[in-house]
Structures are given as structure tokens and as C-alpha cells.
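Colleague: need a structure here:
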Amino acid sequence: MTGHWSYCDDDECGPNRWPTGQHQSPINIDLGEVERKDTHDGIKFNDNEGSEHTLGGLRYPAELHLVHQGVEDPGKLAVVGVFLQIGKEGKALSNEERVLGQLRNPETVTRIENVRLSEKLPNNRRSFWRYEGSLTTPPCSEIVTWTIFTEPVTVTHDQLELFRQVQDIDKRPIKKNYRPTQNLNDRKIVHIVAN
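Modeller: Here you go, the predicted structure:
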């Protein structure tokens with residue numbers, strides 16, 4: 001199932017018909033089950049739809065994935081996940097914001113200049129969750145080591161709306177473009193806080 005697929009549950013190619021397994025992603029990060037040393041007071045879920053991973057059952061407005069292919073084993077991936085929250089500053093997506101108007105349909109290709117990955121990462125890069133999982137789109141291969149930062153990055157409401165106006169292959173605005181959370185099963189989520 002690597003060809004046509006959809007996020008619509010009712011669609012014949014929707015998530016209910018995607019491949020399954022014991023180590024699928026995304027997951028819910030249940031803070032009661034994760035050993036942690038810091039708190040998450042002040043998290044604001046201004047918009048409750050968008051992120052693939054959930055935190056205590058709640059979604060952030062969006063989630064950014066930075067995908068890295070293995071050097072020693074190109075069949076493995078490391079994906080860095082960054083939760084996006086709505087705020088006044090949107091430095092993390094400022095370059096993308098300039099070209100999103102040109103990317104209304106999926107056949108369009110454009111180049112984004114001067115991308116600084118450091119601007120897409122949170123200030124606190126010493127605290128993150130890690131677990132073994134899968135791709136979140138078909139074929140949902142269980143080849144991913146996930147690293148999800150505990151601190152979100154801020155984007156503006158307008159930036160988020162520009163992303164939501166991008167269209168899918170059927171020329172429909174992308175909405176609810178995340179896979180439902182999957183069971184954790186026998187996996188452990190590790191919370192790492194580096195000194």
C-alpha cells in the first residue's frame with residue numbers, strides 16, 4: 001500500500017485499512033507512564049488538531065518531522081519530532097511561509113532558500129522522549145527511532161492556516177492529516193534529560 005492512500009477514515013485507502021504491527025506510530029505519550037524529572041506547566045493547546053503524537057491524550061496544533069536516513073543501515077530512519085504551538089512568533093516557519101502560497105497543489109515544486117534547521121528546533125534540546133516505532137504513512141514500516149522534543153516551537157496562527165490551505169492529490173484542503181495514535185504494546189518510552 002505505497003500508492004494511493006488517504007487520511008479520511010471512510011475512504012477505502014484510509015487509516016483503518018493501513019498496515020498494522022506491534023510497533024506502530026504515532027503514539028500517545030502518557031506522562032503518567034513516563035519517568036520524568038521536569039514538568040510541563042504552561043503548555044497551551046490553542047488548537048486541538050494537527051499533531052500526530054499526542055501528549056496525555058491531547059494534540060498540539062501541528063508537529064514537524066525531520067527525517068534522517070541511517071548511514072550504516074539506510075533501511076532505518078531516525079525521525080525528530082517537534083510539537084508546534086500557536087504564539088506571536090513564527091521564526092520556525094518563516095522561510096516556508098514565503099512560498100506556501102505557491103504550493104496549493106501537490107504537483108507544485110519550489111525551492112526554499114536559507115533554511116536553518118536550528119530555527120525549527122526548541123531552545124531546550126536536552127529534554128526529549130525516544131521510542132522505537134514506524135512510519136506514520138503507508139507502508140507504515142517499523143523502521144523508525146523516534147525522538148520527540150518535550151519543548152514545543154512557536155508558530156503563528158496565520159502560518160498554521162497557510163499550511164492547512166495546501167491541497168491533497170484530490171484537490172481538497174489538507175485537514176486532519178495525521179494517523180490515529182497506535183497502541184504502545186510492549187514498547188517503552190524513554191524520557192532523556194541531558195545535563
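
Colleague: Pull the CA coordinates from the longest strand along the chain and hand them back as PDB.
Modeller: For the chain, the strand with the greatest residue count under DSSP state E is strand 77-86. In PDB, the C-alpha atoms belonging to strand 77-86 read as follows (Å, rounded to 0.1, in the frame of the first residue of the first chain):
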ATOM      1  CA  LEU A  77      15.300   6.100   9.900                       C
ATOM      2  CA  ALA A  78      15.700   8.500  12.700                       C
ATOM      3  CA  VAL A  79      12.800  11.000  12.900                       C
ATOM      4  CA  VAL A  80      13.000  14.100  15.100                       C
ATOM      5  CA  GLY A  81       9.500  15.300  16.100                       C
ATOM      6  CA  VAL A  82       8.800  18.900  17.200                       C
ATOM      7  CA  PHE A  83       5.500  19.900  18.600                       C
ATOM      8  CA  LEU A  84       4.200  23.300  17.200                       C
ATOM      9  CA  GLN A  85       2.200  25.600  19.400                       C
ATOM     10  CA  ILE A  86       0.400  28.900  18.400                       C
END
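
Colleague: Sheet-wise, list the partners of it with their directions.
Modeller: The sheet places strand 77-86 alongside strand 62-69 (antiparallel), strand 144-149 (parallel), strand 153-155 (parallel), with pairing taken from DSSP bridges.

Colleague: Contacts for it next, please.
Modeller: By Cβ atoms under 8 Å, 6 or more residues apart in numbering, the residues outside strand 77-86 that reach it are 43-47, 50-53, 55, 60-70, 92, 120-122, 135, 143-149, 152-157, 160. The way it works is simple: take the backbone N, C-alpha and C, and place the C-beta from them, glycine included.

Colleague: Weed out the non-buried ones from these.
Modeller: Among these, those classed as buried by neighbour count (16 or more other Cβ atoms under 10 Å) are 45, 47, 50-53, 55, 60-64, 92, 120-122, 135, 143-144, 146-149, 152-156, 160.

Colleague: which sections of the protein are below the confidence cut-off?
Modeller: Scanning the chain with the threshold set as pLDDT under 70 gives 1-3, 33-48.

Colleague: nearest spatial neighbour of the residue nearest the centre of it, skipping sequence neighbours?
Modeller: Centroid-nearest residue in the chain, with Cα atoms, centre = their mean: Glu63, separated by 3.6 Å. Nearest residue to Glu63, sequence neighbours excluded (Cβ to Cβ, 6 or more residues apart in numbering): Ser51, at 3.8 Å.

Colleague: Can you give me the buried ones in the lengthiest helix in the chain?
Modeller: If you go by DSSP state H, the chain has its longest helix at helix 157-164. Applying a neighbour-count criterion of 16+ other Cβ under 10 Å, one finds Gln159, Leu160, Leu162, Phe163, Arg164 buried in helix 157-164.

Colleague: Which single one of the residues you listed is nearest to Arg104?
Modeller: Within these, the smallest distance to Arg104 is 10.2 Å, found for Leu162 (Cβ to Cβ).
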